[in-house]
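A.B. asks: model the following, please.
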Amino acid sequence: MLKIRNVKMEDLPELIVIEHLCFTKEEAATKEAFEKRIHFISDSFFVAEDKDMIVGLVNGPVIDHAYITDDLFSDIKENPVSGGHQSILGLAVSPDFQKHGVASALLAHIETEASAKKRETMTLTCKADLIRFYENHGYLNNGVSSSHHGGVIWYNMSKNLV
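C.D. replies: Below you'll find the model as predicted:
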């Protein structure tokens, strides 16, 4: 039975393992970046657990512009109480639990939380191979992102919430 909850600092070691299984060293969030995100944006950082084991995560700050910029990967501040755009900097699922609906459940959860706080949109970047996944969840492909994070080509994806 999958359970989704807000992140806690003691989750950090497991989060780092999952992040590095899912992203290259250049793309993966660092321990320091995760510590900042847990400290400042735990209200938009969720983990999925299966039998008390963390199997996935989704996180991102609320931003005041429609698209993700590279500075967000290191410069995080607290989320506003309402409004803004809910970004997703990371959605990662342990390889053993991929293709079991965990990513979809995490995505639905962060969208529900964002809607409750009157966020305007969901916004994220993804690589070409994940465009269809996000489109299947109602996201629009807004073309190539200006992000150069990890040295790869990213696509801006967004979904209106209002």
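A.B. asks: for the chain, what spans make up the helices?
C.D. replies: For the chain, the helices defined by DSSP state H cover 12-22, 31-41, 102-116, 131-135.
A.B. asks: of the ones you listed, which is nearest I4?
C.D. replies: With C-beta to C-beta, the closest approach to I4 among those belongs to helix 102-116: 4.7 Å. (C-beta placed from N, C-alpha, C; glycine too.)
A.B. asks: neighbours of W154, just the number please.
C.D. replies: For W154, the count of nearby residues is 20 (other C-beta atoms under 10 Å).
A.B. asks: before we move on, what about the one 4 residues further on?
C.D. replies: For S158, the tally of surrounding residues (other C-beta under 10 Å) stands at 21.
A.B. asks: residue with max distance from the center of the protein?
C.D. replies: In the chain, the greatest distance from the average C-alpha position (C-alpha atoms, centre = their mean) is reached by K51, at 22.2 Å.
A.B. asks: and that residue, how close does it get to A103?
C.D. replies: 18 Å (C-beta to C-beta, to the nearest Å).
A.B. asks: contacting residues around V162?
C.D. replies: K118, E120 (C-beta atoms under 8 Å, 6 or more residues apart in numbering).
A.B. asks: quick revisit: can you list the helices of the chain in CSV and add mean neighbour count, distance to I4 and mean pLDDT?
C.D. replies: Below are the helices of the chain laid out as CSV (neighbours: other C-beta atoms under 10 Å; distance: least, C-beta to C-beta, whole Å; pLDDT from 0 to 100):
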stretch, mean neighbour count, distance to I4, mean pLDDT
helix 12-22, 16, 14, 97
helix 31-41, 17, 16, 95
helix 102-116, 18, 5, 98
helix 131-135, 15, 18, 97
